[in-house]
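Chemist: what would the 3D arrangement of this be:
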Amino acid sequence: MTRERMLAAEKEGLIYFPRNDGIPREKRFLDEQEGTPVSDVWTDIPPLNSQAQERLGYPTQKPVALLERILNASSNPGDVVLDPFCGCGTTVHAAEKLGRQWIGIDVTHLAIGLIEKRLRDAFRAVDYRLHGVPADLAGARQMFADDDPTKKEFEKWAVSLIGAQPWRAGKKGADGGIDGILPFGTTEKAVISVKGGKDRQRNHIDQLRAVVEREKAQIGVFLTLEEPTRPMLAEAAGAGQYQAEGFENPVPRVQIVTIEEAMRLRDRAVQLPLRRADVFRKAAREEDRSAQGALDL
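Modeler: Below you'll find the model as predicted:
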């Protein structure tokens, strides 16, 4: 740098003298630099490991930061973002956070149930409409009637209502009388049995009690599409109470929950002393949707 150029730069306030060595430095501003085009290989956003704070427990979950970058580079606030294979809803989450409209599509009720929970946990007020799943009891009955003979999709949807995970999801083989699993506490768990037909007998509850004992579970939940009979309620009451260490009030060891109650109360339909956060963890609350920048496209 010539003396004349340095004097001119100092006059314009573009010279900085560090305190450590006093050697003058030229001030440079990012908005005046040409920069380097972003490549198609991004190494600054690491994949989610098993200990990542935002990890929910879905096997193919992507970092929210990755989808934020993609949406910022390809859309403006108010645009519509479509994710036709939305999985656990990372794209939906990022779109909601960045003020985009969005449409998410997935074939499994497990994914849809997880996305609903994720949105409720992350955003104080989120407005969305759900299509293709029952909106009321009549819709639930129709879904049960339309499902294939195994009724597996109905069972997955039913257990997702209370925040549980389908038993042996994606695996073949007998379910052993278990349709869902709901961990709580440190090592405790509730096993879930789903009943959609009108055949309701006391021995259904007796069978669930046997499964609870066999699996060394602490609680059994019987999710039923139809109202339980009095003998069923009596059998459930006969299972007694479960007292969790450190909690004053016990909860019923066997609980009967109707699908209608589960649709209305969601995870509050089941009485648990405390939940565990290793199966479909709670998404962190998003406080400021304007925190991320946007490109003027």
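
Chemist: hey, where'd the strands end up in the stretch 101-250 of the chain?
Modeler: 101-104, 165-166, 180-184, 188-195, 219-224, 241-242 (DSSP state E, counting those that start in this stretch).

Chemist: what's the most buried one of the ones you listed?
Modeler: strand 219-224 (a mean of 26; mean count of other C-beta atoms under 10 Å). Using the backbone N, CA and C atoms, a C-beta is placed for each residue, glycine as well.

Chemist: what packs against that strand?
Modeler: Contacts defined by 3 or more C-beta pairs under 8 Å, 6 or more residues apart in numbering; DSSP states H and E place strand 219-224 against helix 152-161, strand 180-184, strand 188-195, helix 202-214, strand 254-258, helix 259-265.

Chemist: still on that earlier bit, export the strands of the stretch 101-250 of the chain to CSV and tack on distance to residue 271?
Modeler: What follows is the strands of the stretch 101-250 of the chain, written out as CSV (distance: least, C-beta to C-beta, whole Å):
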stretch, distance to residue 271
strand 101-104, 31
strand 165-166, 19
strand 180-184, 11
strand 188-195, 10
strand 219-224, 8
strand 241-242, 9
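
Chemist: which of the ones you listed has the lowest mean pLDDT?
Modeler: Per-stretch mean pLDDT for the strands of the stretch 101-250 of the chain is lowest at strand 165-166 (a mean of 84).

Chemist: who does the closest residue to residue 212 other than its chain neighbours form a beta bridge with?
Modeler: Spatial nearest neighbour of residue 212, chain neighbours left out: residue 220 (4.1 Å); criterion: C-beta to C-beta, 6 or more residues apart in numbering. Beta bridges link residue 220 to residue 191, residue 254 when assigned by DSSP bridges.

Chemist: rewinding a little: what's the closest of the strands of the stretch 101-250 of the chain to residue 92?
Modeler: Proximity to residue 92 (C-beta to C-beta) singles out strand 101-104 among these, at 4.4 Å.

Chemist: export the closest one as CSV, just CAs?
Modeler: C-alpha atoms of strand 101-104 as CSV (Å, rounded to 0.1, in the frame of the first residue of the first chain):
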residue,chain,number,x,y,z
GLN,A,101,-46.6,-21.4,4.3
TRP,A,102,-46.1,-25.2,4.0
ILE,A,103,-47.6,-28.5,2.9
GLY,A,104,-46.2,-31.7,4.4
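
Chemist: what packs against that strand?
Modeler: strand 80-83, helix 90-97.

Chemist: out of the ones you listed, deepest packed?
Modeler: helix 90-97 (a mean of 24).

Chemist: and the contacts of it?
Modeler: With contacts defined as C-beta atoms under 8 Å, 6 or more residues apart in numbering, helix 90-97 is touched by 61-64, 66-68, 70-71, 81, 83, 86, 101-102, 104, 115, 118-119, 122-123, 126, 283, 286, 289, 292.

Chemist: for this structure, which spans come out with low pLDDT?
Modeler: 168-175, 274-281, 287-297 (pLDDT under 70).

Chemist: change it to 80
Modeler: 1, 22, 30-31, 33-38, 57, 109-110, 168-176, 246, 274-285, 287-297 (pLDDT under 80).

Chemist: which parts of it are helices?
Modeler: 3-11, 64-74, 90-97, 109-122, 137-146, 152-161, 202-214, 230-237, 259-265 (DSSP state H).

Chemist: related to what we said a few turns ago, now the helices and strands packed on strand 219-224 in CSV, with distance to residue 49?
Modeler: As requested, the helices and strands packed on strand 219-224 are exported to CSV (distance: least, C-beta to C-beta, whole Å):
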stretch, distance to residue 49
helix 152-161, 26
strand 180-184, 20
strand 188-195, 24
helix 202-214, 34
strand 254-258, 35
helix 259-265, 33
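
Chemist: correct me, but residue 87 touches residue 60?
Modeler: Yes - Residue 87 lies in contact with residue 60 (C-beta atoms under 8 Å); the separation is 5.7 Å.
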